[in-house]
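In: Let me see the structure of the following:
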Amino acid sequence: MVTEPSGALHIEGLINLRDLGGLPIESGGLTRHGRLLRSDSPHRLSATGRDALAAHRVSTVVDLRTDSEREGRPNPLLDLPGLRCVHAPIFTDEDEFPAGMVTAADVYTWWLRDFGAGIAAAMAAIADSAAVPVLVHCHAGKDRTGVVVALVLRLAGVGVDAVADDYALSGVQLAEMLARDRVSAVDRGMDETLADRMFTVRREAMVETVARIESEHGGVADLLRGLGLDAQRIDRLRRLLVAPDWP
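Out: Model (predicted):
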């Protein structure tokens, strides 16, 4: 397994996997490697890739996908001994995009506003992990994963620019996949303007999302308290990427 400066990890069957270590913290220092990983869906993992991920000693996998996504693309990690897999969907198969969504930031803040139970479940699953690293994924590892990861990064004190830079890396790693998914989404009826926004990674979308978290919720900690997370879980999330030892 080779780690690049960007945090990208190379495991056969994953195209958007990276370690969230090495990001600058506003008060000084860098986030710690080997604590939090983000990726696309693991359903493409080969036997070699699965063994490589197991060797990386991932403790918990948090799956943000819907039921139909999981049924159509099963997770091959479910039967790995010692690995805790948590299903924490942000939204369900029945939820539809409301009118007026024109940017990715609109969609992300809609999730934070109207799908608090899913956001809280995902954050609790990370906080409750008995060990690290924790892997968070959705389908592409860009949108739902991007929002959840951004919350953890901001709690750790990572600046907005660094959060947005990490988010933007998905556009590089997912270029071919996003082009295919855009065509599929439009064929299913998604508005073309929204599809262009959702299947193109613009770092300003994450900058705007973080700004809205501050203006609409008072910051990440207040957002999570409002969603019902207790102080112990919020503290564990805050320490995940910065504490010498965790938990």
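In: got any ranges where the chain has weak pLDDT?
Out: Scanning the chain for pLDDT under 70 picks out the ranges 1-6.
In: and the residue most central in space within it, which of the three is it?
Out: In the chain, the residue lying closest to the centroid (Cα atoms, centre = their mean) is Thr145, at 1.9 Å. Here Thr145 is helix, with the state taken from DSSP: H, G, I helix; E, B strand; the rest coil.
In: I figured it hits Leu135, correct?
Out: No - using Cβ atoms under 8 Å, Thr145 is not in contact with Leu135, being 9.8 Å away. The C-beta positions use only the backbone N, C-alpha and C, and glycine is treated the same way.
In: okay, and the common contacts of the two?
Out: Common neighbours of Thr145 and Leu135, using Cβ atoms under 8 Å, 6 or more residues apart in numbering, are Arg38, Ser39.
In: Nearest residue to Leu17 in space, please, no chain neighbours.
Out: Ser39 (4.0 Å; Cβ to Cβ, 6 or more residues apart in numbering).
In: where along this protein do the strands fall?
Out: 18-19, 36-39, 60-63, 84-87, 134-137 (DSSP state E).
In: how far does the fourth one sit from the chain's center?
Out: What separates the centre of strand 84-87 from the centre of its chain is 14 Å, taken as Cα atoms, centre = their mean, to the nearest Å.
In: contacts for that strand?
Out: The contact list for strand 84-87 (Cβ under 8 Å, 6+ apart) reads 59-63, 65, 70, 75, 77-78, 125, 129-130.
In: The first one too?
Out: Contacts of strand 18-19 from elsewhere in the structure, counted by Cβ under 8 Å, 6+ apart, are 3, 6-9, 33-34, 36-39, 133, 166, 169, 173.
In: Same check on the second one?
Out: Outside strand 36-39, the residues that touch it by Cβ under 8 Å, 6+ apart are 9, 14, 16-21, 56, 58, 126, 132-137, 141, 145-146, 149, 152, 240-241.
In: As a check, name the ranges of all helices in the protein.
Out: Remark: helices assigned in the chain by DSSP state H are 47-55, 67-72, 104-114, 116-127, 144-155, 160-173, 175-187, 192-198, 203-217, 220-226, 231-239.
In: Which one of those lies nearest to Ile25?
Out: helix 160-173 (8.6 Å; Cβ to Cβ).
In: So what's the gap between that closest one and the chain middle?
Out: With Cα atoms, centre = their mean as the basis, helix 160-173 stands 12 Å off its chain's centre.
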